[in-house]
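[1] What follows is a protein structure lacking sequence information:
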């Protein structure tokens, strides 16, 4: 286990280095730079001036040299300065301000998706070909084919236009009612629609995974053995069945994290949720590359670390797996 | 008197004289049993026909502005009503579907081509070529795709070279196809790589090599045709994903941009008028939803029909 952990950890670090270099290279190709606003503001700034300014902050060096100095700065906590969405502010501050909102949104959605998808999938598998199973299968097909942003718009139409001025009207923008202090009920009401949008696809897909994983386990020999021992059905299903069926789910959900991130960007855009996805989107439009780069790198880290976590959990959960 | 049900297989004589079915006939036979797959195929066919015959079928010019008929409700003249500029929604939907379907189709074909090439070269070539190509695929699969698509889309459409190459008007179409292919080839490459790895050890490949066939000939003639089944299934399901991705990007303003109508940018325009006419936002999403639903049914049926053991 120790060597396995160490090897995976080293692999993860190498992967992060490759991805960050790739992102750095990509963004290095982008047209525009930190002095665009200067040139735009006063046409008298000449090409020679620009070159001198670029030289001053090291922009004249090739990208790989700049990558290493960027990397060194990132390690000590200097992620650069925003030149668009939050002019003059350190990128790390911009991200830190937005992170809690995104964590709240994604965390709630992740938890809720698991709490809904897993029981549905298990029940579907236990009652294969019952009407519940058919309904769940049909709904999951719909959920998978539904574009996230359209589902969001439909919810806004239902809960803000059709149900306007009824008790069911729900807020469709932001994290809280402006001007209001912290109020739990208000927070929850603002969370409902974005979380619903973000969870739909996951619930649809994960319940399918859970169902097929459970079905596979139900046909295993050890299930019959457990029943033959005279164990109660409940114990057989939960202890012998469910525990084993959950193992592949860990990996699958680990692999689904990038999709969750993509969903979060779109959801934050539709509901003006003040999170990282929203600021990322604004930064892309404003060609604020330092912020863009910071957020892509952070997201890549989260994605890769969650894959690592899934791998470790997998090894812990399944004693049959021995990494040598 | 009910006719006696023929037991199957019938007597030996009869089985032997049954007409021989070709590979494709067998596939069609398995596919036909899949009712949802048939429904998906029919729906998708209808969508394609309506979209591609838009110039003939559309009742109005999709760009014709009629400021006297803004936000008209569905009527005999305008079956689905009109939008904020009085343009006929049905006509716009037809033209937008044509753009959306074309972009998905072209990018899916290119993705299949690139993915197959990479997978086959990696699988047959082996060595460091394989390591580099397949590691790249792994790394790209682990990246937050939508974020990078947004960044690339913004960057590419501003580059002078890209503008000059495709013309300012068509930049958005070209860019979306390029980025969808750039971030889409990995899954097909993995599937082909896997198939080629097991195929290249088979006797018929050895025989071809013994007869002096070049690596290119072995890959093109002997290996790739044997990987068509997973490629077709993955591409079918990928087509649906690309419809959603393109619509999402267009909705966010970084996909297909006017003057070309697309289902995604129609939705983003409609978002501004949700309180005046919510139906504007319902139609384009409905078309996307039905397209993806149809293609997913089709993909599922194809998977069962092409190879029941296959897992994609």
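    Arrived safely. It should be emphasised that the depicted structure is a prediction, and the values quoted were computed from it without experimental measurement.
[2] Which residue, other than its chain neighbours, is closest to residue A:281?
    Excluding its sequence neighbours, the residue lying closest to residue A:281 (Cβ to Cβ, 6 or more residues apart in numbering or on different chains) is residue A:269, at 5.6 Å. Placement of C-beta: from N, CA and C, glycine included.
[3] looking only at pLDDT, what's the mean for the helix or strand in which the one you found is found?
    Element membership for residue A:269 (DSSP states H and E) is helix A:257-270. In this model, helix A:257-270 carries a mean pLDDT of 88.
[4] what helices or strands is it leaning on?
    Counting by 3 or more Cβ pairs under 8 Å, 6 or more residues apart in numbering or on different chains; DSSP states H and E, the packing neighbours recorded for helix A:257-270 are helix A:91-126, helix A:148-156, helix A:184-218, helix A:276-285, helix A:289-317, helix B:145-158, helix B:228-252.
[5] Any chance of TSV for those, columns mean pLDDT?
    Formatted as TSV, those follow (pLDDT from 0 to 100):
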stretch	mean pLDDT
helix A:91-126	93
helix A:148-156	91
helix A:184-218	91
helix A:276-285	91
helix A:289-317	86
helix B:145-158	89
helix B:228-252	92
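[6] For residue A:70, which of these is the nearest?
    With Cβ to Cβ as the criterion, residue A:70 lies closest to helix A:289-317 of the helices and strands packed on helix A:257-270, at 8.4 Å.
[7] Output the contacting helices and strands for the closest one.
    Using 3+ Cβ pairs under 8 Å, 6+ apart, helix A:289-317 is in contact with helix A:2-28, helix A:91-126, helix A:243-255, helix A:257-270, helix A:276-285, helix B:145-158.
[8] quick one, it and helix A:243-255 angle?
    Angle, helix A:289-317 to helix A:243-255, by axes from the mean of the first three to the mean of the last three Cα atoms, to 10 degrees: 170 degrees.
[9] if you skip the residues just before and after it, what's nearest to the residue in the stretch 1-150 of chain B positioned nearest to chain A?
    Nearest residue of the stretch 1-150 of chain B to chain A, counting by Cβ to the nearest Cβ: residue B:146, 3.5 Å away. Once flanking residues are discounted, residue B:146 sits nearest to residue A:262: 3.5 Å by Cβ to Cβ, 6+ apart.
[10] same check, this time on residue A:153
    Nearest residue to residue A:153, sequence neighbours excluded (Cβ to Cβ, 6+ apart): residue B:281, at 5.0 Å.
[11] Tell me, how many residues neighbour the one you found?
    When neighbours are defined as other Cβ atoms under 10 Å in any protein chain shown, residue B:281 has 24 of them.
[12] so what does the helix or strand it falls within touch, helix or strand wise?
    If you go by DSSP H and E, residue B:281 is part of helix B:279-306. Where contact means 3+ Cβ pairs under 8 Å, 6+ apart, helix B:279-306 is packed against helix A:131-145, helix A:148-156, helix B:23-32, helix B:35-52, helix B:89-125, helix B:228-252, helix B:263-271.
[13] Just the residues contacting stretch B:220-234, thanks.
    B:112, B:115-116, B:119-120, B:123-124, B:187-188, B:191-192, B:195-196, B:199-200, B:204-205, B:208, B:213, B:299, B:302-303, B:306-307, B:310, B:312 (Cβ atoms under 8 Å, 6 or more residues apart in numbering or on different chains).
[14] What distance do you get for the residue in the stretch 201-324 of chain A that chain B sits nearest to to residue B:56?
    With Cβ to the nearest Cβ as the measure, residue A:262 is the residue of the stretch 201-324 of chain A nearest to chain B, at 3.5 Å. Residue A:262 sits 38 Å away from residue B:56, going by Cβ to Cβ, to the nearest Å.
[15] Residue A:288 contacts residue A:83, correct?
    Yes - taking contacts as Cβ atoms under 8 Å, residue A:288 lies within contact range of residue A:83: 5.8 Å.
[16] wait, what's in contact with the residue positioned nearest the centre of chain B?
    By Cα atoms, centre = their mean, chain B has its centre lying nearest to residue B:239, at 1.9 Å. Counting by Cβ under 8 Å, 6+ apart, residue B:239 makes contact with B:104, B:105, B:108, B:295.
[17] And for the first one, the neighbour number?
    Other residues within reach of residue B:104, judged by other Cβ under 10 Å, total 26.
[18] Correct me if wrong: it contacts residue B:242.
    Yes - using Cβ under 8 Å, residue B:104 is in contact with residue B:242, at 4.6 Å.
[19] quick revisit: distance to residue A:173 added to the helices and strands packed on helix A:257-270, as TSV?
    TSV is the format used below for the helices and strands packed on helix A:257-270 (distance: least, Cβ to Cβ, whole Å):
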stretch	distance to residue A:173
helix A:91-126	13
helix A:148-156	9
helix A:184-218	8
helix A:276-285	11
helix A:289-317	21
helix B:145-158	21
helix B:228-252	17
